[in-house]
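# Fold the following.
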Amino acid sequence: MMYSVNDKVTVTAKTDTGYYKLDTGAYIHSDYLSDNKVAQTATTTTKKAETPKPATTTTKKQESKPKSIYEYPFDLEAIRQVIIDDAVNNYGLILAEDIIKDESSWNAPLVIWKGVNPNVVRMRVSEEAGASFKVAQMKKGDYFNVYIETIPDLKKDENGNSIEGYAIFFLR
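Purely as a prediction, here's the structure:
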């Protein structure tokens with residue numbers, strides 16, 4: 001979903017990485033939220049609001065720190081949405097859910113698993129759209145999709161048990 005300046009949204013949760021979960025299930029970074037109406041000028045600006053705060057629809061239960069989407073077990077849908085939002089909002093790409101892995105091209109996927117530090121996962125996820133945009137020489141208006149594939153036996157732990165991983169493909 002695409003939002004415009006001064007659209008009202010309902011925040012249902014806040015992550016420790018600066019993202020807010022909306023009642024639609026989408027995630028949006030705090031840089032793009034404000035409690036106050038933003039004055040629009042003739043020129044487009046991306047300056048963030050001074051102090052973004054969650055809407056008053058949050059409940060007492062949410063005062064406890066929610067688990068990051070980047071901690072195992074990962075919130076794969078939320079991670080996918082972060083990449084989609086970045087590609088649409090910052091690179092002008094167009095999401096096309098009908099693009100599938102077997103009928104498209106992609107660069108090497110981003111692979112994550114249980115043992116990866118959540119800050120590294122967050123950083124790599126935040127770079128995925130930009131890296132794909134640049135390496136594939138994409139341009140504004142190009143179509144893309146994000147597909148996540150489970151890798152059931154990515155590696156073994158110290159006891160020989162399988163560790164599941166996930167390959168995140170930026171399809172074009």
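
# so what's the spatially most central residue of the chain up against?
In the chain, the C-alpha nearest the mean C-alpha coordinate belongs to residue 82, at 1.0 Å (CA atoms, centre = their mean). Residues near residue 82 by CB atoms under 8 Å, 6 or more residues apart in numbering: 19, 27, 69, 125, 126. C-beta coordinates here come from the backbone N, C-alpha and C atoms, glycine included.

# Show me what the helix or strand where residue 151 lies packs onto, helices and strands only.
For residue 151, the host element (DSSP states H and E) is strand 143-156. When contacts are defined as 3 or more CB pairs under 8 Å, 6 or more residues apart in numbering; DSSP states H and E, strand 143-156 packs onto helix 76-91, strand 94-95, strand 110-113, strand 162-171.

# That strand relative to helix 76-91, how many degrees between them?
Orientation note: strand 143-156 sits at an angle of 140 degrees relative to helix 76-91 (axes from the mean of the first three to the mean of the last three CA atoms, to 10 degrees).

# longest single helix anywhere in the chain?
The helix that spans the most residues within the chain, counting by DSSP state H, is helix 118-135.
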